[in-house]
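This is a predicted model, with the sequence first.
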Amino acid sequence: MAGRFDPRIPLTPTAARGGRTDVPPGRGRAAGGGAKDRVWAPEGAVDLGLTLGPLRRGPADPTFRTTPDGSVWKTSQTPDGPATLRLAKDGADIRAEAWGPGADWALDNLPALLGAADDPAAFVPRHRLVHASHRRRPGLRLTRTGLVVESLIPTVLEQKVTSDEAYRAWRRLVRQYGEPAPGPAPQGLYVMPTARAWALIPSWDWHKAGVDSKRSATIVRAARVANRLEEAAAMELGQAAARLEAVPGIGPWTSAETLQRSNGAADAVTTGDLHLPGIVGYALAGDRDADDAAMLELLAPYAGQRHRAARLILLAGHTPPRRMPGMPRTDIGRL
């Protein structure tokens, strides 16, 4: 295997893309304020930062926040309405508080959100780097939000642009068309817009947010059939991907990135990505020029768990040295 795994490697941008969010140590402070609450005892270790990290769209995501007391705050547009959820570790247990019309739904869905439907025991490392990354992260669980549109829209915003551009657009649109988080949430926390609100955003506000007409049109089309797309959360991976990809502008990359989060799909490996094949190829075989076909061949021993394997590779932070400039940043909102 090319390259050795070095545990001293710091968290690189690629490792961050693997879905790790730093959560300060602490038990969190109950916020009260008329909250509904629940205590959940997971069967094994659950790392909140690793499990929920993929749901955070950049360090300033207005729908996701960590606080110094060790709490994780997350908002959602649930089937019952907006909800704010606060999570914190309490020994081996996890305490949750929720506010808003969707509070009951959020608490009912808590185990799935924290990976209760995931089966980490099914994963068998086949490479030394993957084994080391897996051993260092016993609390990694694959989240299952049960909410398709919540993950689909920010994923469409990330199509063929830099992460910074996508995160900036997400922040602007959520703050402009979403609503303040219910309950005693941290200042600046918002609930994403409803599907109807996304569908009614005028063209000039998409432009000001730096979103081109192709991505905005895809989001509007998806918002108009949001109820049909949400049904994919209960489907098998192949059926769910087909349901999403029936919307023009949604392809395998977008459907995989969405279903990894909404469905907890352990085998939803991302194809069509600019960087992932080279990262996987370099980490497992020293091939920085690997394409999708080569990546899938390298991940074949992990059939059924290819997404988990790719995440562990990304979290290891073992990437090929850059030999060309990064993707240029643009902001069409300034034009």
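Looks like it came in fine.

What is the three-state secondary structure of the spatially closest residue to residue 127 that is not a sequence neighbour?
The shortest distance from residue 127 to any non-neighbouring residue, by Cβ to Cβ, 6 or more residues apart in numbering, is to residue 284 (5.5 Å). C-betas here are computed from N, CA, C, even on glycine. Of the three states, residue 284 takes helix under DSSP: H, G, I helix; E, B strand; the rest coil.

how close does residue 284 get to residue 130?
8 Å (Cβ to Cβ, to the nearest Å).

what touches both of these two?
Jointly contacting residue 284 and residue 130 under the rule Cβ atoms under 8 Å, 6 or more residues apart in numbering are residue 313.

can you map out the strands along the stretch 51-200 of the chain?
64-66, 72-78, 81-90, 93-99, 179-180, 190-191 (DSSP state E, counting those that start in this stretch).

Out of these, the one nearest residue 265 is which?
strand 72-78 (18.8 Å; Cβ to Cβ).

Can you give the strand pairings for that closest one, parallel or anti for each?
Paired neighbours of strand 72-78 in the sheet (DSSP bridges): strand 64-66 (antiparallel), strand 81-90 (antiparallel).

so where's the longest helix in the chain?
Longest helix in the chain by number of residues (criterion: DSSP state H): helix 163-177.

coming back round to it: need the winner for burial among the strands of the stretch 51-200 of the chain.
strand 72-78 (a mean of 25; mean count of other Cβ atoms under 10 Å).

burial of residue 188, as a residue count?
By the criterion of other Cβ atoms under 10 Å, residue 188 has 12 neighbours.

and the gap between the closest residue to it other than its chain neighbours and residue 250?
For residue 188, ignoring the flanking residues on the chain, the nearest one in space by Cβ to Cβ, 6+ apart is residue 62 at 6.2 Å. Distance, residue 62 to residue 250, using Cβ to Cβ: 24 Å.

Residue 72 now?
Distance from residue 72 to residue 250, counting by Cβ to Cβ: 29 Å.

Poorly predicted segments of the stretch 1-150 of the chain, please.
1-17, 27-32 (pLDDT under 70).

Could you do the stretch 201-335 of the chain as well?
Judged by pLDDT under 70, the stretch 201-335 of the chain has its weakly predicted residues at 323-335.

Run through the strands of it in chain order.
With strands called from DSSP E, counting those that start in this stretch, the stretch 201-335 of the chain shows none.

Contact partners for residue 147?
Residue 147 sits next to 76, 77, 78, 230, 233, 262 when contact means Cβ under 8 Å, 6+ apart.

redo that, cut-off 10 Å
55, 76-79, 105, 109, 113, 192, 230, 233, 261-262 (Cβ atoms under 10 Å, 6 or more residues apart in numbering).

Dump those residues into CSV; add distance to residue 294 as well.
Putting these into CSV (distance: Cβ to Cβ, whole Å) gives the following:
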residue, distance to residue 294
55, 30
76, 37
77, 39
78, 40
79, 41
105, 42
109, 38
113, 34
192, 37
230, 35
233, 32
261, 26
262, 28
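
Need the buried ones from these selected in ChimeraX.
The ChimeraX command for the buried members of the contacts of residue 147 (criterion: 16 or more other Cβ atoms under 10 Å) is given here:
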select :55,76,77,78,105,109,113,192,230,233,261,262
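
if we can go back for a sec, mind putting the strands of the stretch 51-200 of the chain into a markdown table with distance to residue 222?
Shown next, in a markdown table, are these (distance: least, Cβ to Cβ, whole Å):
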| stretch | distance to residue 222 |
| --- | --- |
| strand 64-66 | 21 |
| strand 72-78 | 14 |
| strand 81-90 | 19 |
| strand 93-99 | 27 |
| strand 179-180 | 20 |
| strand 190-191 | 18 |
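
Need the strands paired with strand 72-78 in CSV (columns: distance to residue 238).
Below are those laid out as CSV (distance: least, Cβ to Cβ, whole Å):
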stretch, distance to residue 238
strand 64-66, 30
strand 81-90, 30
